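Peer 1: sequence? don't have it. structure:
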C-alpha cells in the first residue's frame, strides 16, 4: 500500500469533504470540519470501506468520529493493530 494508513485516511477525508489535505489532522472531527455532517459521515464511511476494502458495522460506524479513531479502526480491520471492539 502506498502511503501510511493515517495519510490515506487524511486523503480520504480531504476527498470526501472537498478540503485541502493539509487542513486534516489527527484531531479533525465533525466538530472541526463544517462539511462533516450526518450525510458527509455516511459518504466518508463508504469511501473508507472502498479505499481500504474493509467493512464497518453500524456500531463501529458511530465510533468513526476523528482521524485518529478512524485510523485505529482501519488498522484493526487490516490486522495491523488489536481489535477495538
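Peer 2: Looks like it came in fine. The structure displayed is predicted, hence computed values, not measured ones.
Peer 1: what's the longest helix seen in the chain in contact with?
Peer 2: Taking DSSP state H as the assignment, the helix of the chain that covers the most residues is helix 38-52. Helix 38-52 is contacted from outside by 8-9, 12-13, 15-17, 30, 33, 36, 54-56, 61, 64, 70, 74, 77-78, using C-beta atoms under 8 Å, 6 or more residues apart in numbering. C-betas here are computed from N, CA, C, even on glycine.
Peer 1: mind listing what's buried in that helix?
Peer 2: 40-41, 43-45, 48, 51-52 (16 or more other C-beta atoms under 10 Å).
Peer 1: continuing past that helix, what's the next helix or strand?
Peer 2: Using DSSP states H and E, the helix or strand that follows helix 38-52 in sequence is helix 58-63.
Peer 1: rounded mean pLDDT for the next helix or strand after that next one, please.
Peer 2: The helix or strand immediately downstream of helix 58-63 is helix 67-77, counting by DSSP H and E. Taken as a whole, helix 67-77 carries a mean pLDDT of 95.
Peer 1: okay, buried residues for helix 67-77 please.
Peer 2: Across helix 67-77, burial judged by 16+ other C-beta under 10 Å covers 67, 70-77.
Peer 1: could you list every helix and strand in contact with that helix?
Peer 2: Secondary-structure packing of helix 67-77 (3 or more C-beta pairs under 8 Å, 6 or more residues apart in numbering; DSSP states H and E): helix 5-17, helix 38-52, helix 58-63.
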